[in-house]
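In: Sequence first, predicted model second:
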Amino acid sequence: MKKKLVLIGNGMAGVNAIEQLLKLAPDKYEITVFGSEPHPNYNRILLSSVLAGDATIQDIVINDMDWYTDNGITLHTSQTVTHIDTEMKIVSTDKGLTASYDDLIIATGSLPFMLPLPGADKEGVIAFRDIQDCESMINAAKQYKHAVVIGGGLLGLEAARGLLNLNMEVSVVHIFKHLMERQLDETASDMLRSELESQGMKFLLEQNTDSILGDERVTGVRFKDGSEVKADLVVMAVGIRPNVALAKESGIEINRGIVVNDYLETDTPHVYAVGECAEHSGVVYGLVAPLFDQGAELAKRLAGIPSSGYKGSVVSTKLKVSGVNVFSAGQFVDSEGTRSFRIQDDFDRVYKKIVVQDGKLIGAVLFGDTSDGSKLFSMIRAGQDISGQEKELVLGAQGSSKPKSGIDFVAAMSNDEIVCGCNGVSKGTILSAIEEKGCTSVNDVKYCTKATGSCGGCKPLVADLLTYALGAEGVTAIKEGVCGCTTLGREEVVEAIRTMRLTSSREVMNVLEWKNPEGCSKCRPALNYYLGMIWPEEHTDEKESRFVNERNHGNIQKDGTYSVIPRIHGGVTTAEDLKKIADVAVKYDVETVKITGAQRIGLYGIKKEDLPKVWEELDMTSGFAYGKSLRAVKTCVGSTWCRFGTQDSMSMGIELEKRLERISTPAKTKVAVSGCPRNCAEATIKDLGVVAIDGGWEIYVGGNGGTDIRPAELLVKLKTEDEVIEWTLAYFQLYRENANYNERTSKWIERVGIESIKKGLASQEERKALQQRYEFSAGLTQDPWKEIIEQERLNKNYEPLQSLKV
Ligand SMILES: Cc1cc2nc3c(=O)[nH]c(=O)nc-3n(C[C@H](O)[C@H](O)[C@H](O)COP(=O)(O)OP(=O)(O)OC[C@H]3O[C@@H](n4cnc5c(N)ncnc54)[C@H](O)[C@@H]3O)c2cc1C
Ligand SMILES: NC(=O)c1ccc[n+]([C@@H]2O[C@H](COP(=O)([O-])OP(=O)(O)OC[C@H]3O[C@@H](n4cnc5c(N)ncnc54)[C@H](O)[C@@H]3O)[C@@H](O)[C@H]2O)c1
Ligand code: SF4
Ligand code: FES
């Protein structure tokens with residue numbers, strides 16, 4: 001006869017333990033599950049995606065009702081267990097149901113911590129923990145405008161992003177100076193704040209909440225310093241507390257959580273605890289990966305399979321906010337006995353830090369580029385000795401064109417190593433899915449194993465495993481959806497814009513039945529780009545879809561001021577322009593005047609309200625140092641001055657910059673021209689590099705010099721300057737028409753291959769057609785600074801300077 005197993009808590013940890021048990025001992029138990037919520041088991045992690053409009057409730061169900069029936073499990077939803085009689089081995093619920101057990105699992109999770117503030121019980125003050133909270137927020141956004149999220153941790157920021165997507169104005173209140181202080185160091189935290197500000201989030205830092213204002217419904221929040229902020233929705237995301245009341249009331253030993261040993265046993269015979277309600281070796285976890293590790297051990301225990309027991313988990317986190325890549329793992333704070341290596345790239349907004357102790361990697365923080373997150377996390381968990389490779393891990397292998405191959409890394413992983421922490425999927429499980437179930441894409445692997453289905457941080461590792469198992473040719477590329485608002489891929493959307501003559505984002509979203517009718521921060525800028533590229537005349541640029549730097553035509557700096565970088569074609573300036581720059585710098589008390597990496601001059605620390613006056617007084621055009629467009633053309637002095645120079649690289653650079661400036665490209669682009677193969681302008685790490693050779697020129701494409709160093713590949717050798725112009729413009733237009741929005745040329749070429757680019761440009765007729773389309777679009781662009789000055793003048797917003805012509 002089967003033994004009786006009862007599970008209290010139909011959440012992620014408990015049901016995962018049952019799933020694992022069913023694999024080990026499918027016939028041992030008759031299983032009964034009690035859950036307070038009215039739903040089957042769902043992926044709580046993905047509530048953030050539901051709120052952000054990237055998924056529906058249906059999408060996030062892990063096990064539907066049929067799964068329980070198919071596995072002979074009795075599920076009682078909307079039933080809260082209120083008492084456990086540990087002597088009689090019976091549980092009873094708030095609605096009077098009882099069930100007896102031989103073995104009992106408590107998996108009651110956590111409760112959100114609600115600050116005990118005066119007024120916290122008003123309508124409109126909620127937590128973010130379950131489907132009901134998520135629905136409350138979605139409904140509130142239909143009626144109300146001002147949301148305040150208290151808590152700048154992972155949950156608070158994901159809630160805030162979701163509410164922004166629902167078109168609310170969102171202020172995040174945080175008690176400390178730095179967001180996500182539990183996961184990030186100050187540098188990464190500052191970069192995160194600035195990125196989120198550019199997405200429209202407002203922050204009230206170092207603010208201690210005093211009370212919630214309003215009559216029945218909340219109308220605002222007051223702080224201890226007496227200041228107030230308007231609010232008609234308040235979301236508290238200030239941490240969680242293990243849900244231990246039931247265990248305590250039933251006489252089971254608790255501390256912070258329910259105390260368990262290495263086999264997840266409580267102090268009471270036949271009673272186990274797993275998940276966020278459990279405390280192991282003094283630690284209570286608040287992330288899913290450890291809960292799956294615990295579930296695996298518990299399943300073995302219940303199945304009677306000997307094991308060495310659960311020894312605790314190292315955790316990693318990834319913020320699930322679209323457009324922001326943040327990763328943190330292990331011990332990332334420097335302390336005695338640790339050494340760290342870090343790089344910070346303010347241009348590409350990338351920051352990477354690793355912390356090492358006794359030769360072993362013990363922690364990492366990544367911002368901007370988190371593609372190595374899973375790899376670093378595996379190394380931390382494995383306690384791998386990385387002596388001598390510290391810099392290589394962060395920078396990529398020296399002297400080689402690429403960072404150490406991900407394929408080598410996955411090849412070296414053992415089969416039981418976890419690849420997807422969110423879903424507890426090992427390398428071995430993924431390889432079996434590839435071999436036995438015929439998976440050939442990341443999506444197939446997701447379908448068969450759930451790996452990649454939650455935070456998505458493990459996608460690069462899964463992609464590497466596919467290539468390792470099948471070879472590059474055997475892997476099916478995923479159809480990249482534009483975002484969660486649509487199931488259509490980029491090609492289908494672009495095709496529809498062309499064939500159905502759609503000319504505004506609103507039209508695209510309506511006609512193509514976007515799930516979220518307002519779109520999100522990922523699709524809105526992408527659609528604006530595709531529409532402008534396809535219909536340069538008909539489409540009106542949708543400024544509200546652009547990021548703050550592009551809207552303001554200057555880069556916002558970490559203190560909230562802006563930088564102003566005027567165009568200096570080919571890096572060649574004049575005494576007259578230098579004088580103007582100097583005068584403006586003096587007049588506006590510019591704190592830093594810097595020669596930038598792109599051979600131009602940046603003025604840093606300009607107040608937003610001074611921008612139009614500064615631009616007018618400079619009387620130069622915008623250098624687009626903020627835009628998805630050409631940044632600059634770097635040149636060496638070439639044959640004009642240099643004794644090695646074979647061609648006039650300065651003139652060529654100036655000409656190219658004049659032709660390429662202003663027009664939108666899928667991502668930012670950088671160009672350089674060198675006067676001989678000594679290549680002083682570093683043309684071979686640019687999106688397009690021109691290198692003079694004896695009797696002609698070479699064009700290189702797809703280079704990148706940022707954190708992800710990639711040498712450019714030779715596209716063509718040419719004889720004349722006119723040919724260089726023709727090929728360059730045609731290449732730029734090919735990129736504009738075919739790359740995904742936000743895809744740098746290096747990634748585009750890696751994806752499609754240099755041969756397909758060569759093929760696309762091989763016929764002169766095709767090149768001419770591309771060049772023509774390019775020139776037509778370029779001819780419609782105007783200098784944005786001058787446009788704004790003109791607009792300000794028309795609006796009479798400020799007194800124009802009489803002495804200066806625009
Ligand atoms: C919005 C959001 C996003 C998140 N994102 C991430 C992420 O990206 N990565 C990550 O690792 N973690 C994330 N987390 C945390 C993760 O969801 C939790 O760690 C995980 O769900 C905990 O699982 P659990 O089973 O212990 O608890 P839960 O999933 O909370 O399940 C407990 C269940 O027990 C039920 N219950 C409680 N008491 C009783 C009772 N007496 N009788 C019957 N039923 C009861 C509850 O209603 C609940 O359904 C996120 C959490 C939230 C809220
Ligand atoms: N992407 C992810 O991995 C993810 C996403 C969401 C939630 N979660 C998990 O869900 C749980 C809950 O998340 P959380 O962010 O609420 O918890 P948390 O404890 O990680 O963060 C709470 C934050 O609120 C701040 N805070 C505390 N009191 C405050 C106050 N009075 N005013 C303003 N700020 C205050 C804290 O400084 C802290 O940064 C955590 O276990 C978290 O790991 C994870
Ligand atoms: S690349 Fe050649 S031409 Fe240009 S500065 Fe260097 S050596 Fe001189
Ligand atoms: S690690 Fe989050 S989905 Fe795999």
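Out: Received it, and whenever you're ready, just let me know what you need. Ligands and ions are numbered 1, 2, ... in the order given.
In: next helix or strand past the longest helix along the chain?
Out: Looking across the chain with DSSP state H, the single longest helix is helix 721-738. Going down the chain from helix 721-738, the next helix or strand is helix 745-752, by DSSP states H and E.
In: quick check, distance from that following helix to the centre of its chain.
Out: Here helix 745-752 is found 20 Å from its chain centre; the criterion is Cα atoms, centre = their mean, to the nearest Å.
In: Ok, stretch 255-267 next?
Out: Worked out by Cα atoms, centre = their mean, stretch 255-267 lies 36 Å from the chain centre.
In: buried ones in that stretch?
Out: Using 16 or more other Cβ atoms under 10 Å as the test for burial, stretch 255-267 gives 257-260, 262, 264-266. (Each C-beta comes from the backbone N, C-alpha and C, glycine too.)
In: Turn the residues you listed into CSV, columns for secondary structure.
Out: Formatted as CSV, these follow (DSSP: H, G, I helix; E, B strand; the rest coil):
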residue, secondary structure
257, coil
258, strand
259, strand
260, strand
262, coil
264, coil
265, strand
266, coil
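In: returning to that earlier point: how much does the longest helix of the chain deviate in direction from helix 745-752?
Out: Angle, helix 721-738 to helix 745-752, by axes from the mean of the first three to the mean of the last three Cα atoms, to 10 degrees: 70 degrees.
In: Now tabulate the buried residues of stretch 255-267 in JSON lines and tack on pLDDT and distance to residue 608.
Out: Converted to JSON lines, those look like this (pLDDT from 0 to 100; distance: Cβ to Cβ, whole Å):
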{"residue": "257", "pLDDT": "98", "distance to residue 608": "48"}
{"residue": "258", "pLDDT": "98", "distance to residue 608": "53"}
{"residue": "259", "pLDDT": "98", "distance to residue 608": "55"}
{"residue": "260", "pLDDT": "98", "distance to residue 608": "55"}
{"residue": "262", "pLDDT": "97", "distance to residue 608": "57"}
{"residue": "264", "pLDDT": "98", "distance to residue 608": "56"}
{"residue": "265", "pLDDT": "98", "distance to residue 608": "61"}
{"residue": "266", "pLDDT": "98", "distance to residue 608": "58"}
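In: Go through those residues and name the one nearest ligand 1.
Out: residue 257 (10.0 Å; Cβ to the nearest ligand atom).
In: and whatever residue of the stretch 201-350 of the chain ends up closest to ligand 1, what does it touch?
Out: Nearest residue of the stretch 201-350 of the chain to ligand 1 (Cβ to the nearest ligand atom) works out as residue 275 at 2.5 Å. Residues in contact with residue 275 (Cβ atoms under 8 Å, 6 or more residues apart in numbering) are 9, 11-14, 107-109, 291, 294-295.
In: among those, who's most crowded?
Out: Neighbour tally across the contacts of residue 275 (other Cβ atoms under 10 Å): the maximum, 31 neighbours, falls on residue 107.
In: Need the three-state assignment for the spatially closest residue to that residue that is not a sequence neighbour.
Out: In this structure, residue 107 finds its nearest non-sequential neighbour in residue 14, 2.9 Å apart by Cβ to Cβ, 6 or more residues apart in numbering. Three-state assignment for residue 14 (three-state DSSP): helix.
In: So which residues make contact with the longest helix of the chain?
Out: 533, 652, 655-656, 659-660, 663-666, 669, 671, 688, 690, 697, 699, 701, 715-716, 718, 745, 748, 752, 757, 760-761, 766-768, 770-771, 773-775, 777.
In: Could you find the closest non-adjacent residue to the residue of the stretch 201-350 of the chain closest to ligand 1?
Out: residue 13 (2.7 Å).
In: Verify the stated contact: the one you found with residue 294.
Out: Yes. At 6.9 Å, residue 13 counts as touching residue 294 under the criterion of Cβ atoms under 8 Å.
In: Does ligand 2 have contacts with whatever helix or strand residue 142 lives in?
Out: Applying DSSP H and E as the criterion places residue 142 in helix 131-143. No. Helix 131-143 is not in contact with ligand 2 by Cβ under 6 Å from any ligand atom; minimum separation 12.0 Å.
In: Next one: the residue nearest to residue 425 when sequence neighbours are not counted from ligand 3, what distance?
Out: What sits nearest to residue 425 in space, not counting adjacent residues and going by Cβ to Cβ, 6+ apart, is residue 451, at 4.0 Å. Distance, residue 451 to ligand 3, using Cβ to the nearest ligand atom, to the nearest Å: 48 Å.
In: hmm, back to that, what pLDDT is listed against the residue of the stretch 201-350 of the chain closest to ligand 1?
Out: Residue 275 carries a pLDDT value of 98.
In: In contact with the residue nearest to residue 425, which residues are there?
Out: Contacts here follow Cβ under 8 Å, 6+ apart; on that basis residue 451 touches 419-420, 423, 425, 429-430, 445, 458, 462.
In: Need those residues in a markdown table (columns: neighbour count).
Out: What follows is those, written out as a markdown table (neighbours: other Cβ atoms under 10 Å):
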| residue | neighbour count |
| --- | --- |
| 419 | 26 |
| 420 | 29 |
| 423 | 25 |
| 425 | 24 |
| 429 | 21 |
| 430 | 26 |
| 445 | 29 |
| 458 | 29 |
| 462 | 29 |
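In: pLDDT-wise, what's the bottom of the residues you listed?
Out: For the contacts of residue 451, the pLDDT minimum is residue 423, 81.
In: give me every residue that touches residue 538.
Out: Listed by Cβ under 8 Å, 6+ apart, the contact set of residue 538 reads residue 503.
In: Please repeat the previous calculation with a cut-off of 10 Å.
Out: Residue 538 makes contacts with 501-504, 531-532, as judged by Cβ atoms under 10 Å, 6 or more residues apart in numbering.
In: Check residue 622 too.
Out: By Cβ under 10 Å, 6+ apart, the neighbours of residue 622 are 553-554, 564-567, 615, 629, 661-662, 783-788.
In: hmm, try it at 6 Å
Out: 553, 783-785 (Cβ atoms under 6 Å, 6 or more residues apart in numbering).
In: Find the nearest non-adjacent residue to residue 689, please.
Out: Counting by Cβ to Cβ, 6+ apart, the residue nearest residue 689 is residue 683, at 2.9 Å.
In: Just the buried residues of the strand or helix carrying residue 229, please?
Out: Assessed by DSSP H and E, residue 229 sits inside strand 228-230. Using 16+ other Cβ under 10 Å as the test for burial, strand 228-230 gives residue 229.
In: Wasn't residue 364 part of a strand?
Out: Yes. Residue 364 forms part of a strand when assessed by three-state DSSP.
In: so how far is residue 768 from it?
Out: Using Cβ to Cβ, to the nearest Å, residue 364 is found at 50 Å from residue 768.
In: Residue 654 too?
Out: 23 Å.
In: What segments of the stretch 1-150 of the chain are helices?
Out: Under the criterion DSSP state H, counting those that start in this stretch, the stretch 1-150 of the chain contains helices at 12-24, 47-51, 65-70, 131-143.
In: which one of the ones you listed lies closest to residue 86?
Out: Of all the helices of the stretch 1-150 of the chain, it is helix 12-24 that lies closest to residue 86, at 18.2 Å by Cβ to Cβ.
In: and that closest one, is it in reach of ligand 2?
Out: No. If you take Cβ under 6 Å from any ligand atom as the test, helix 12-24 misses ligand 2, and the best it gets is 11.4 Å.
In: Show me what that helix is packed up against.
Out: On a contact count with 3 or more Cβ pairs under 6 Å, 6 or more residues apart in numbering; DSSP states H and E, helix 12-24 meets helix 288-303.
In: so what's whichever residue of the chain sits closest to ligand 1 up against?
Out: Going by Cβ to the nearest ligand atom, ligand 1 is nearest to residue 11 of the chain, at 1.8 Å. Contacts of residue 11 were listed using Cβ under 6 Å, 6+ apart, and they are residue 109.
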